[in-house]
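Colleague: Provide a 3D model corresponding to the input given below.
(chains A and B)
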Amino acid sequence: MAKKYLITFIVSTLGFLLLAMLGTALVDPYGLYGLIKITGFNQQKEGVRGKIRFVKSLELPLRKPNTLLMGSSRVHDGINPNISELKQFENIYNYAVDMNRIYETRLLVQHAVENSKIKHLILGLDFFMFNSLQRKNGDFDEALIGHPVLISNYLVPTFLSRNAVIDSYKTLRQSVQQPNRNEFLGNGFRPQAFYGLKNYPGVHYYTNYIFLSPQQSDTLYYSKMQTDDQAYNELIMLLELCKSKGIDVHLFINPAHASLDGEGIRAVGKWTMFENWKRRLTSISASYAVDLWDFSGYNSITTERVSTPMNYYWDSSHYTELVGGYMMSRMFEPHNYKGPRDFGFQLTSKNIEGHLKSIRDDRERYAQANRSYIDSLNYDYKAIIDGAPLDQIRVKDMY
Amino acid sequence: MLFNSHLFIFAYLPIVFIGFFVISKSNSSLGMLWLGISSLFFYGWWNPKFVSLLMASIVLNYFFGNLIARLNKNQSRILLVTALVLNISLLIYFKYANFFLSNIVGLGENYSTLEIILPLGISFFTFTQIAFLVDVYKGIAREFNFLQYMLFVTWFPHLIAGPVLHHKQMMPQFSRPETFRPNIESISIGLSLFALGLAKKVLLADQFSMYASPLFGQAASGDNLMLVSAWFAALAYTLQLYFDFSGYSDMAVGLSRIFNIKLPINFDSPYKSKNIIEFWRRWHITLSVFLREYLYIPLGGNRKGKIRRYSNLMITMLLGGLWHGAGWNFILWGAIHGFLLVINYLWRGIVSENLHNSTRLSRGLSIFITFVAVVFAWVPFRATSIEATFSIWGGMLGLNGISVATSLQSSLAPMGVGLLFSGWFPGTALPIFEVISWIGFGLFIIWVLPNTQELFAKFSPAFDEVSGSYFSWKLTPIYGVMAGLLLAISIIFISKASEFLYFQF
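Modeller: As a prediction, the model looks like this:
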């Protein structure tokens, strides 16, 4: 009797475990293995949501890229590695992660270097990445980063865990319910299906609220922005690492919409800090002989009128793939560049002051030409900064 | 190494199991050596540095034990005292040095704490060996086989968090020939107990910790918990601790049983106790027995009049509290239990006890009152400071106000009863219905269902004989599939191997 019991016990334990592993492997909720891809079954990889650092750090050693696109969600959503503007680079992976910080970026680069032969790094920089009040974010796990990836890193978390089972279920449910949705392509880029937006102005204001409201303490965006030497040292350490590994680096400053990385930064009183940040970036990149492009400011792209639909923006923070293409073309294929002439400027120690002044002049011209818009924007911003809750701001017409 | 890790379940356990029975086939002493070395490896996985400390403690105590057995009464008494002082000094150095330093020198503020890492299981292996030495001195125990002695102390299922073993329970089992032959029934029972214990840990204890941690965290950071938060914090921790520690004990008993060695039971549905005296006979039984035999009785027990009896009880419970950790909160916890025990004994002196004649209602009421007292007493056990303890107690008594769901504002606010409407658990995102359902489920398990050893009573799962309950486990294929499903789900739920609470004690 006991013998039969013991045999069924052990066989069913292993059987149930195998069944769970087979299920998670086929559904592949993190998009790592691609054994089967069926639209309406498992195309929408829900497991990636909220675990972008974890998933990309496991995906990277499987893809073995030579070129990395890195940065925040702006790069994650805006620059597709497959565009022709990047054809001079081989084997590109978009290793950008949402709400990124410079400290995380440095460790992610280290992780990439230890797991693949990296030759080029194209890194998009954002003001908030240097916020010294919060040096890391979200699902960032130092324990995973920087170590060569072991079998146990895959087997347990991606097949045989509570999360893998729950994420498989979510993937199945979402894939069945929304067969047109497919956020994750396998090259690290998150295509625009992520947004599924209806009302651009509403989303615009909502994003600005997230960045500017002092009540958003967990994200610590512009309202509580502070920088310190440690943040800049992280960039220096990153560049040192690349130098020692012979990696060719290109830096650029992302073009968020002027209502955010212009008027928003001004409204919270951080404009001088923002300019000083660009000065520091310029001097650091100059000392490592790395090129640095600035796409921000008040140019034809960043001042696109907020309406439905928009060509250049998903919301005030995230530009579209079209803009991403312009940026890469400006930096790497200037002879084929088809975007507006005033978009993108290569910064050097010699031209930085002139450039900052010209942005200030652009801003004055823009403000004079759009007086009523700027006034209403600042009226809203003042309410946000004074702590007004979300539903009292114009966001209410979102969706 | 943790029982609730994939490495332990899929690598360590199968290797040690197969190795033991293969080696024992040719030579049982070598088999024992294999278990001893495997146990040291198990211990060293956490921090190899402390294997030498553990070995030094074993060698020294074995040596003292042998000497005590051979010398005359007076000489052996001196030796016993020396050995006890050494053992206790080791414990005090690792566990209490910083506590004393901060409370004595701390009055002047200018002190620096020592950087001492607490070796895992030090209180367990120290207590096990103190009991051995005292028994040798009394002439109850003798041990001249070093290998058996080493295995008795290091035996991996109990080494880190108990049960506290008694020499006379274990030694005969190490010399029985049946121990060295695989036994299908033992393996079946052992694995089933392990599966149930693992389920208690990963499906229940870890779930309750998700409710207890944020709420106790709020109290620790200075918030005053309100009525609902305070009660659910205390209840969630009460359940977490029970499922965590009794799950660990089930796993220990089960793992040991796989190797044909029965460990003493450590829990017997403590929350079903009808009074505090009974609670201490059902909660962490092996520690209670140890404290009674080696502290309370040597202090004089109940032989020297009522006043001495009660003060002995208080001393035992205060030290029992301190055993759990170097902190005033543990002393407070011990003091509460000591005080409750004294009240319990006084009450017995007034009302002659006869539980058999009592009504169902009065028994139910007794269980409820005892449970509430225990829940209150767990608060200082978990709260990191005395301030946080009083804040939670205040919340449980309604002194910090009552907050209810925001959605109730329109219907309840006009009544003007002084309620706040900042949600049931202000400052956290805990969902009320989920919390209530889980707490209700946990209470159902502890009050209504039979406990693990009752389920397996007819297979005598542990060292002590236990009687069955209204439902018992059967060794049939259907039950095999159920156990398999439970074990598989539990293994899947080991997401991040979380440590057992009793490792810190």
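Colleague: can you pull out the strands in chain A?
Modeller: Applying DSSP state E to chain A gives strands spanning A:67-70, A:92-94, A:120-125, A:248-253, A:291-294, A:345-346.
Colleague: Output the fourth one as CSV, nothing but the C-alphas.
Modeller: If I follow you right, that is strand A:248-253. The C-alpha trace of strand A:248-253 is given here as CSV (Å, rounded to 0.1, in the frame of the first residue of the first chain):
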residue,chain,number,x,y,z
ASP,A,248,32.3,53.4,-29.1
VAL,A,249,29.8,55.6,-27.3
HIS,A,250,27.3,58.2,-28.7
LEU,A,251,25.2,60.3,-26.3
PHE,A,252,22.1,62.4,-26.9
ILE,A,253,19.6,64.3,-24.9
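Colleague: mean confidence for stretch B:86-101?
Modeller: Averaged across stretch B:86-101, pLDDT comes to 82.
Colleague: whoops, I mixed them up, stretch A:140-157
Modeller: Mean predicted lDDT for stretch A:140-157 stands at 65.
Colleague: Equivalent analysis for stretch A:205-216, please.
Modeller: On average, stretch A:205-216 scores 82.
Colleague: contacts for it?
Modeller: If you take Cβ atoms under 8 Å, 6 or more residues apart in numbering or on different chains as the criterion, stretch A:205-216 is touched by A:128, A:219, A:221-224, A:259-260, A:264, A:267-268, A:315-318, A:380-381, A:384-385, A:387, A:389-390, A:393-395, A:398. Glycine gets a C-beta too; all of them are placed from N, C-alpha and C.
Colleague: And for stretch A:348-360?
Modeller: A:275, A:278, A:279, A:282, A:283, A:286, A:294, A:296, A:297, A:298, A:345, A:347.
Colleague: Which two of those have the greatest separation?
Modeller: A:286 and A:298 (24.6 Å; Cβ to Cβ).
Colleague: more crowded one of those two?
Modeller: residue A:298 (22 against 16; other Cβ atoms under 10 Å in any protein chain shown).
Colleague: do you know how far that one is from residue B:87?
Modeller: Separation of residue A:298 from residue B:87 (Cβ to Cβ, to the nearest Å): 76 Å.
Colleague: cool, residue A:142 as well?
Modeller: With Cβ to Cβ as the criterion, residue A:142 and residue B:87 are 40 Å apart.
Colleague: of these two, who's got more company?
Modeller: The residue with more neighbours, out of residue A:142 and residue B:87, is residue B:87; 20 against 11, by other Cβ under 10 Å.
Colleague: Pretty sure that one sits against residue B:123.
Modeller: No: Residue B:87 is beyond contact range of residue B:123, at 10.6 Å (criterion: Cβ atoms under 8 Å).
Colleague: Looking at the stretch 251-399 of chain A, which residue is nearest chain B?
Modeller: As assessed by Cβ to the nearest Cβ, chain B sits closest to residue A:389 within the stretch 251-399 of chain A, at 13.4 Å.
Colleague: Which residue of chain B lies farthest from its centroid?
Modeller: residue B:414 (48.7 Å; Cα atoms, centre = their mean).
Colleague: would you say that one is within a helix?
Modeller: Yes: according to DSSP: H, G, I helix; E, B strand; the rest coil, residue B:414 belongs to a helix.
Colleague: if I look at it, how far off is residue B:408?
Modeller: Taken as Cβ to Cβ, the span from residue B:414 to residue B:408 is 11 Å.
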